[in-house]
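**Student:** Generate a structure from the sequence data that follows.
(one chain, ligands or ions: 1)
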Amino acid sequence: MRALIVDDSVSMLSHMKSLVESTGDLSCFAYTDPVRALDAARTTTFDIALIDYNMPVMDGIELIRCLRDMPDYAQVPIVMITTSIDEDVRIRALEAGATDFLPKSPLAAELKVRVRNLIKMSSAVRKLNDQAASLAQDVEAATRALLVREEEMIFRLSLALEYRDNDTGGHTLRVAAYSQVIAQRLGLRPATCRAIFLASPLHDVGKVAIPDAILLKPGRLDTEEFEIIKGHATIGERILGGSSSDLIQLAAEIAGGHHERWDGSGYPLGLAGHMIPLAARIVAIADVFDALTTDRPYKTTMSIEDALAYIENERARHFDPTCVDAFLAGRDDILIIKLGTRPDAMAA
Ligand SMILES: [Fe+2]
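**Tutor:** A predicted model of the protein is given here:
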């Protein structure tokens, strides 16, 4: 271990050096010039510093202040050597960052014990700080891993839903990609856009509770069947709701609100305007656009141009006008997704 000793008196410096070296644990770097001592401290980290108070050019308090301004010296014990019993000097030294005081001619035994204790204390503090930093890193890595797992579970669950719905054509992933484009064009924060991308594939999760005879019926649904299928929004919100995960909670809002309409004529609650959660208003457009432009056994596909015109026509009726504007502004990206680019590539 290394000790820095600074005293403008050569004889005093030599005396202190021999005393400190007699502890047996420390190699001493002694300076009469505080400026040179500071230069040395910039290239070598000392384990303890013993600094005289009365020095020309820069006194001990100023030197302590300069050392404390250096990141490596935040925890290093700094002892002021002084004959002064002036309380003002002591307080100023403590305020500058002095750890302890020693008289000009300390007893060898006292100096040995004090120096050892101070070094022990500072290395314990350093060890604690290192452990805290390492723990913080572990927590961050674990949190990241949890988020990745959460995203993977959502992705796999949405795949399961596609199989249940006999839809292996990638509807849920396209809806996710369209929704992300709208969110981006709305100027939402990147983290929010990403969350909407991840949560939107679960918009139809409530369909797991709809009987096959209705869910997979090839023809048009009658009124009673349609009422049953409408229940998927409420069921989906119930399945996902109450989660402590922000992402699952967002998915619950989307599941419950993606069939609401801006003018209040939607279901299940007939919410209107901003009463409908924003993410659900976004997914509503993505869901309808994809349904219109995707082959289904019971309906013919609408052309992309006609589907875009339909969305525009439903501005401020079915859909949030601002979200429609964002959707149309992102038209090029929408077409790239529609015409075959992998939707998940849009998440990068
Ligand atoms: Fe739905």
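
**Student:** Kindly report the domain assignment for this protein.
**Tutor:** The record, using automatic domain parsing to delimit domains, assigns the chain the ranges 2-133, 165-347.

**Student:** State the mean pLDDT of the longest one.
**Tutor:** Computed over domain 165-347, the mean pLDDT rounds to 91.

**Student:** And the shortest one, by the same measure?
**Tutor:** What domain 2-133 shows for mean pLDDT is 88.

**Student:** just the domains of the chain: most buried one?
**Tutor:** Across these, the average number of neighbours (mean count of other Cβ atoms under 10 Å) peaks for domain 165-347, which reaches a mean of 18. C-beta: built from backbone N, CA, C; applies to glycine.

**Student:** In CSV, list the domains of the chain along with distance to residue 159.
**Tutor:** Output for the domains of the chain, formatted as CSV (distance: least, Cβ to Cβ, whole Å):
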stretch, distance to residue 159
domain 2-133, 40
domain 165-347, 8
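
**Student:** Just tell me which of those domains ends up closest to residue 144.
**Tutor:** domain 165-347 (13.6 Å; Cβ to Cβ).

**Student:** From the chain's centroid, how far away is the closest one?
**Tutor:** Domain 165-347 has its C-alpha centroid displaced from the chain centroid by 28 Å (Cα atoms, centre = their mean, to the nearest Å).

**Student:** quick one: the residue nearest to residue 322 when sequence neighbours are not counted and residue 73, what's the gap?
**Tutor:** Nearest residue to residue 322 in three dimensions, chain neighbours excluded: residue 186, at 6.9 Å (Cβ to Cβ, 6 or more residues apart in numbering). The span separating residue 186 from residue 73 equals 49 Å under the rule Cβ to Cβ, to the nearest Å.

**Student:** Mind giving me the packing neighbours of the helix or strand that contains residue 120?
**Tutor:** Taking DSSP states H and E as the definition, residue 120 sits inside helix 108-164. Packing contacts for helix 108-164, counted by 3 or more Cβ pairs under 8 Å, 6 or more residues apart in numbering; DSSP states H and E, involve helix 10-21, strand 48-52, strand 78-81, strand 100-102, helix 171-185, helix 190-199, helix 246-257.

**Student:** Can I get those in TSV including distance to residue 62?
**Tutor:** Written out in TSV, the entries for those read as follows (distance: least, Cβ to Cβ, whole Å):
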stretch	distance to residue 62
helix 10-21	18
strand 48-52	10
strand 78-81	12
strand 100-102	17
helix 171-185	54
helix 190-199	47
helix 246-257	51
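
**Student:** Out of those, which is closest to residue 275?
**Tutor:** Within the helices and strands packed on helix 108-164, the stretch nearest residue 275 is helix 246-257; the backing value is 9.1 Å (Cβ to Cβ).

**Student:** Give me the helices and strands touching the closest one, please.
**Tutor:** Helix 246-257 is packed against helix 108-164, helix 190-199, helix 223-240, helix 278-292, with contacts defined by 3+ Cβ pairs under 8 Å, 6+ apart.

**Student:** Distance check, residue 45 against residue 58.
**Tutor:** Distance of residue 45 to residue 58, given as Cβ to Cβ: 20 Å.
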